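>>> dropping a prediction and its sequence here:
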Amino acid sequence: MRAAPVLPVDRDSLTIRAWPDPVIDQVGHDPRSAYVERFWLGVLGPSTTWLLRRMAAGLEAEPAGFELPLSETARALGLGGDGRHSPFVRALTRCCQFELATPGDEGVLAVRRKLPPLNRRQLVRLPDGLQADHQRWQDAELQARPLEALRRRSRRLALSLLELGEDLEATERQLQRWRFSPALARQAAAWAWERHLAARAEAADVGPPPDEAA
């Protein structure tokens, strides 16, 4: 963890803004997700977790940033008390120590919209049962990624076949010839067919260019 920062908590509010990170935003987890509730909770503690959820909801409603009233938020989370050692300020501090938030100038606090997966040092702090659950979760994620890649590829191919003039049944059969499973071929063909029909309907609504319509 980082050293405890000096936060500008002698104000009525903090300006919360997103702290973008191209990697964490891609692979991380929303503070309101089941992953954070199950695995990050024991690392951060409930107060910090609930505060991060509150700030994530605020950034979702106001992506450009919003004002977080300190006293009101502390009471709403059941973290009342005054001074720099109050439970609420400790929760804010822990956000920064775990590099999930960082103070800026003039009362700005930049907050991550996604939490990264637990690292090894954090994981070993969890009970043995949760560590085993986390390993099973990771294994399931690794299995899901190839399936998702196959799904995207089958859909792109199905859409290409339809655009080349194949019908729904012929598209499904061709996907199976390319060694996609029958279930995946059926799903991809149906997905592509819906989008193909929607594109045709949109083109019909727009109509031909004026010189062709004459």
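Noted; the coordinates are in hand.
>>> okay, now the sheet partners of the lengthiest strand in the chain, with direction.
Criterion DSSP state E: the longest strand present in the chain is strand 13-18. If you go by DSSP bridges, strand 13-18 pairs up with strand 66-69 (antiparallel), strand 108-111 (parallel).
>>> ranking those by burial, who's on top?
strand 108-111 (a mean of 19; mean count of other Cβ atoms under 10 Å). Heads up, the C-betas are built off the backbone N, CA and C, glycines and all.
>>> buried sites along the helix or strand just after that strand?
Helices and strands here follow DSSP states H and E; after strand 108-111, the next one along the chain is helix 120-123. When neighbours are counted by 16 or more other Cβ atoms under 10 Å, the buried residues of helix 120-123 are found to be Q122.
>>> please give me every residue in contact with E166.
Q174 (Cβ atoms under 8 Å, 6 or more residues apart in numbering).
>>> so it sits in a strand?
No: assignment of E166 by DSSP: H, G, I helix; E, B strand; the rest coil gives coil, placing it outside any strand.
>>> any idea how far the top helix by length along the chain is from the chain center?
What stands out as the longest helix in the chain, according to DSSP state H, is helix 128-163. Computed by Cα atoms, centre = their mean, to the nearest Å, the chain-centroid distance of helix 128-163 equals 16 Å.
>>> ok, stretch 84-94 next?
With Cα atoms, centre = their mean as the basis, stretch 84-94 stands 26 Å off its chain's centre.
>>> quick one: mean pLDDT for stretch 75-91?
Stretch 75-91 shows a mean pLDDT of 83.
>>> who's in contact with it?
Applying Cβ under 8 Å, 6+ apart, the contact partners of stretch 75-91 are 7, 9, 45, 47-48, 50-51, 54, 70, 73-74.
>>> hang on, the earlier thing: only alpha carbons, please: show the helix or strand following the longest strand of the chain as CSV.
As assigned by DSSP H and E, the chain's next helix or strand after strand 13-18 is helix 24-27. Provided in CSV are the C-alpha atoms of helix 24-27 (Å, rounded to 0.1, in the frame of the first residue of the first chain):
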residue,chain,number,x,y,z
ILE,A,24,-7.5,-1.6,-15.5
ASP,A,25,-10.5,-0.2,-17.3
GLN,A,26,-10.4,-3.1,-19.7
VAL,A,27,-9.7,-6.0,-17.2
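>>> hmm, who's touching the helix or strand just after helix 24-27?
As assigned by DSSP H and E, the chain's next helix or strand after helix 24-27 is helix 34-35. Outside of helix 34-35, the residues that reach it under the criterion Cβ under 8 Å, 6+ apart are 29, 117, 137.
>>> if we use 7 Å, what do you get?
Residues outside helix 34-35 that contact it (Cβ atoms under 7 Å, 6 or more residues apart in numbering): H29.
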